[in-house]
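>>> Got a predicted model here, sequence first, then my questions.
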Amino acid sequence: MAIAHSTASGMGGMRTAGDLVARMQMSRSMKIKEAKEYVASKLKVSVSDLADPVVMSEMRDDLNIGMVSASLFPGSAKGIEAKFRIAELLGIEINCVNQFKDRIK
Amino acid sequence: MQKIYTRMGDGSIVVLSEGELKQDLEEGTRDAAERAKISPLSRDELAYLFDIYSAPYRFVSVEHGNEVVLSYDAGTLKIKRVGVLTHRIQSLQIYEKILGADTAELDHVDYSFKPVKPIMAYEQTELEQALLMMTIPLFYGAMPNLGLYTQPDGSCPNPMELLPQGKIAEAREAQEEVMEYAVRDMIYVASTMYEAGADGINFDTTAAAGDADFLATLRAVEILRKKHPQMCIEMGMSGEFILGMHGELTYDGVRLAGLYPHKQCELAEKAGATIFGPAVNTNTDKSCAWNTARAVTFTKACVENSHIPIHANMGMGVGGLPVIDQPPTDAVSRASKAMVEIGKLDGL
């Protein structure tokens, strides 16, 4: 069922910009249109590019914000490292990133 | 005359004529509109729904550009439920790297706030490890589940035993006592997991025990919003209608019993929820087309009446999906497309 929904109407998560749009809904309570426009403006792409895995995997690679295939690329950002960059890119607070920073002060 | 293969609410195949399909769609939207006193779907929206359900394809999808954010309640449980032997962090990685999930959710197999309270240290450390490895936002989720606080599972008198005896006042008193315990547990667990780094807390299957369950969750959300202003709080519902098990409970002057999704979301937003998840039940005696027309009607009114994102519940038996463990993809994809494109969802 998760696969059917994801294929029928989902943004695509890390394959695209789905996690970034989700972060704007979660951190600013944005409706989908506003959240997509915000992320598109930060990435300097069109709104329709956000759910395109070809455009977005190149974009994620360039920005080093985590990719599905990160394990194939030594040195590319994984997990918390990617989230440090996502917080900065989107101008939002990410709870675990802030806690990480606090703990290594 | 085209024969249309669709399904009943129990998942079984049914063949409808064009006229029968049109009639199901009209009756489904009318049923929702009359119950909740909201607008039925327009002629154009019903025509679009007709196109979705009469399409001969096994699978349909939204048009390019109409994709929405997906959140997954009880995420790690669902991997366990099908017997795949993974650690919870591996389950989260499956959602992130294989299923293309926009968000994921860590949860315990005993998916309620009360039973996870004594094992918070284990939940926190596992969440901490998951957060180091994951990129997509991570919720911690559980159900308010007020039923666990009454005898024989809990210490409070059981309203379900008191009500048949005609002890109305005692049943109400018991529910009010239960709410005190439940609010305390929800705040403790949600705060603890947020302080361990969770991106959000999901109150799933809210109001399953009726109006007291809904009120306890609203109160917990209100307190958590003041305590953690940045916390993402998702409130997902259990059904389309708040059962009046108490009957006299109010929040902000609004009687809770009998509220439909478009009114539930107003209160969730007022309490401080970031995302609201309406649930519309499936009637197994009616076709999926009837059920989806009905679910879209309720949900569209909810979206129009909210300022926060709406992620409709669209799992087994809700949101136009049949009541079956393995919902057929033809039924899931049609409901998914209809709810997103006609219901104007922000996510599901």
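Thanks, I have the structure now. Here the structure is a predicted model, which is why all the values come from computation and not from measurement.

>>> Enumerate every residue touching A:S27.
A:92-94, B:230, B:232 (CB atoms under 8 Å, 6 or more residues apart in numbering or on different chains). Quick note: C-beta positions are derived from backbone N, CA and C, even for glycine.

>>> Buried ones from the residues you listed, can you make that a ChimeraX selection?
Burial among those is assessed by 16 or more other CB atoms under 10 Å in any protein chain shown; the matching ChimeraX selection reads:
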select /A:92,94 /B:232
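
>>> and the spatially closest residue to B:A190 that is not a sequence neighbour, helix, strand or coil?
Sequence neighbours aside, B:I201 is the residue nearest to B:A190 in space, at 4.4 Å (criterion: CB to CB, 6 or more residues apart in numbering or on different chains). Following DSSP: H, G, I helix; E, B strand; the rest coil, the label given to B:I201 is strand.

>>> quick one: terminal-to-terminal distance for stretch B:319-331?
From its first residue to its last, stretch B:319-331 covers 11 Å (CA to CA, to the nearest Å).

>>> Run a quick neighbour tally on B:K114.
Neighbour count for B:K114, taken as other CB atoms under 10 Å in any protein chain shown: 22.

>>> Oops, could you answer that again for B:A33 instead?
17.

>>> how about the host helix or strand of it: buried residues?
Using DSSP states H and E, B:A33 sits in helix B:18-36. Across helix B:18-36, burial judged by 16+ other CB under 10 Å covers B:21-22, B:24-26, B:28-29, B:31-33, B:36.

>>> That one - what's its average pLDDT?
Taken as a whole, helix B:18-36 has a mean pLDDT of 98.

>>> elements contacting it?
Counting contacts by 3 or more CB pairs under 8 Å, 6 or more residues apart in numbering or on different chains; DSSP states H and E, helix B:18-36 packs against strand B:3-7, helix B:43-54, helix B:288-304.

>>> by contact count, what packs against the shortest one?
Using 3+ CB pairs under 8 Å, 6+ apart as the contact test, the elements touching strand B:3-7 are strand B:13-17, helix B:18-36, helix B:43-54, helix B:288-304, helix B:329-341.

>>> What average pLDDT does it get?
Averaging pLDDT along strand B:3-7 yields 93.

>>> Buried residues in it, which are they?
Going by neighbour count (16+ other CB under 10 Å), the buried part of strand B:3-7 is B:4, B:6-7.

>>> cool, and the last one?
Neighbour-count burial for helix B:288-304, counted by 16+ other CB under 10 Å, picks out B:288-303.

>>> Alpha carbons of it, as PDB, please.
C-alpha atoms of helix B:288-304 as PDB (Å, rounded to 0.1, in the frame of the first residue of the first chain):
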ATOM      1  CA  CYS B 288     -15.000   2.000  -3.600                       C
ATOM      2  CA  ALA B 289     -16.300   4.700  -5.900                       C
ATOM      3  CA  TRP B 290     -19.100   5.500  -3.400                       C
ATOM      4  CA  ASN B 291     -16.600   5.500  -0.600                       C
ATOM      5  CA  THR B 292     -14.100   7.700  -2.300                       C
ATOM      6  CA  ALA B 293     -16.700  10.200  -3.400                       C
ATOM      7  CA  ARG B 294     -17.800  10.400   0.300                       C
ATOM      8  CA  ALA B 295     -14.200  10.600   1.600                       C
ATOM      9  CA  VAL B 296     -13.200  13.300  -0.900                       C
ATOM     10  CA  THR B 297     -16.300  15.300   0.100                       C
ATOM     11  CA  PHE B 298     -15.400  15.200   3.800                       C
ATOM     12  CA  THR B 299     -11.700  15.800   3.200                       C
ATOM     13  CA  LYS B 300     -12.200  18.700   0.800                       C
ATOM     14  CA  ALA B 301     -14.200  20.600   3.400                       C
ATOM     15  CA  CYS B 302     -11.500  19.900   5.900                       C
ATOM     16  CA  VAL B 303      -8.800  21.300   3.600                       C
ATOM     17  CA  GLU B 304     -10.800  24.400   2.800                       C
END
